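In: Dropping the sequence and predicted coords here.
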Amino acid sequence: MNILITGVLGHIGSSLLENISKIKNLKKVYLIDNARSNNLNVLFNLKKSKRKLNFIEGDLLDDNVLKNIKEDINVVIHLASVTNAEASFRFKDLIYKNNLGVFKKICNFCLKKKAKLIHLSSTSIYGSQSSLVDEDCDFLKPQSPYADVKLLEEKYLKKKENRKLKYITLRLGTITGVSKGMRFHTAVNKFCYKTILKEEVPIWNNAMDQYRPYLSLSDAIKTFIYIINNNFFNREIYNVLTNNYTVREILKMIKNNNFSIRIKKTKSPILNQNSYKVSDKKIKKFKINFNKHIKKDIKETLSLLKSLY
């Protein structure tokens, strides 16, 4: 089996690459990234493997990047995306062009290659919800351009021209956990980073008891590997999360590692997202055996940052 991973130098991609040997019957792995993050260290010191890794530095908006892959591809894990929801307000046009534009190219590539697609969506498309929501929720309220594009991607997959495309859509919670390509614009990582620097942690005025779904990076990787190894591409949507936590609970986990936190109340629009809790009942049917390491992720993130400052 040959697979393609886009956005391999990012937070999720770098961790997936380190666990690539867990995918069965794997022959060749094509890796694509524009390398703007300068995280080429992700490709260093990988465990020796019989699987051939082929790294392609390039922008997926350039049609030639995908055209250069001449061999058959069986599975595409599409991770390449601008993921900063807060920044998406400032660069709205760029988000629609990059994220949605590239996604359409990936779908066309999969159709031509008859490849199966792991599509990453986001639980942020639920927006404000008064009760526990599942994949059948009809009242989706994305509150950022980033989340809006994720919903547009889901709708695009349902179009007639994609009826022969085999895929699975995963609505991921906010990622936690250490990796070579980790980012610090997501909630938990930003809170940890600000805490180590002894800077104020920005929290919206009434956000302390608002719920969000969080996903340990190790649980995300387990999900990808399970889907590929079990050939589970049923054109359905699944929420993927480790647990729902309030902001107060996340901050308490940080404090429990003997750190004090300075909170700054803010009215920033991206932090003005109402509470929502997401059901993981559907994904639990897979019996993936999640690690549920949110507390461990926080401890490791704090430890890593403390060693640098």
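Out: Nice, thanks for sending it over.
In: need the helix or strand of this protein with the lowest average pLDDT.
Out: helix 92-95 (a mean of 77; mean pLDDT, DSSP states H and E).
In: hang on, N19 packs against T223?
Out: No - applying Cβ atoms under 8 Å, one finds N19 not in contact with T223, separated by 11.5 Å. (Each C-beta comes from the backbone N, C-alpha and C, glycine too.)
In: Those two: which has the busier surroundings?
Out: Each of N19 and T223 has its neighbours counted (other Cβ atoms under 10 Å); T223 has more, 22 against 14.
In: before we move on, back to that, what's in contact with the least confident helix or strand of the chain?
Out: Residues from elsewhere that reach helix 92-95 (Cβ atoms under 8 Å, 6 or more residues apart in numbering): V82, S88, P145, Y146, V149.
In: that's a helix at E153, yeah?
Out: Yes - secondary structure of E153 (DSSP: H, G, I helix; E, B strand; the rest coil): part of a helix.
In: and the closest residue to it other than its chain neighbours, what is it in contact with?
Out: What sits nearest to E153 in space, not counting adjacent residues and going by Cβ to Cβ, 6 or more residues apart in numbering, is F103, at 5.0 Å. Taking Cβ under 8 Å, 6+ apart, we find F103 in contact with H78, H119, E153, Y156.
In: Pull out the buried residues from those.
Out: When those are checked for burial by 16 or more other Cβ atoms under 10 Å, the buried set is H78, H119, E153.
In: Would you state the predicted confidence (pLDDT) at the last one?
Out: For E153, the pLDDT comes out at 96.
In: Sketch out the low-pLDDT regions of the chain for me.
Out: 45, 47-51, 83-90, 268-274 (pLDDT under 70).
In: show me where it has strands.
Out: Under the criterion DSSP state E, the chain contains strands at 2-6, 28-33, 52-57, 75-78, 116-122, 167-172, 174-176, 200-204, 211-216, 237-240, 243-246, 262-266.
In: how about TSV for the ones you listed, with distance to D136 added?
Out: TSV is the format used below for these (distance: least, Cβ to Cβ, whole Å):
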stretch	distance to D136
strand 2-6	29
strand 28-33	34
strand 52-57	38
strand 75-78	24
strand 116-122	15
strand 167-172	12
strand 174-176	22
strand 200-204	29
strand 211-216	16
strand 237-240	9
strand 243-246	18
strand 262-266	34
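In: Quick one: closest of those strands to L302.
Out: Closest approach to L302 among the strands of the chain is made by strand 174-176 (11.6 Å; Cβ to Cβ).
In: The closest one pairs with which strands?
Out: If you go by DSSP bridges, strand 174-176 pairs up with strand 211-216 (parallel).
In: before we move on, the earlier item: quick one: which of the buried ones among the contacts of F103 is nearest D134?
Out: Nearest to D134 out of these is H119 (Cβ to Cβ; 18.2 Å).
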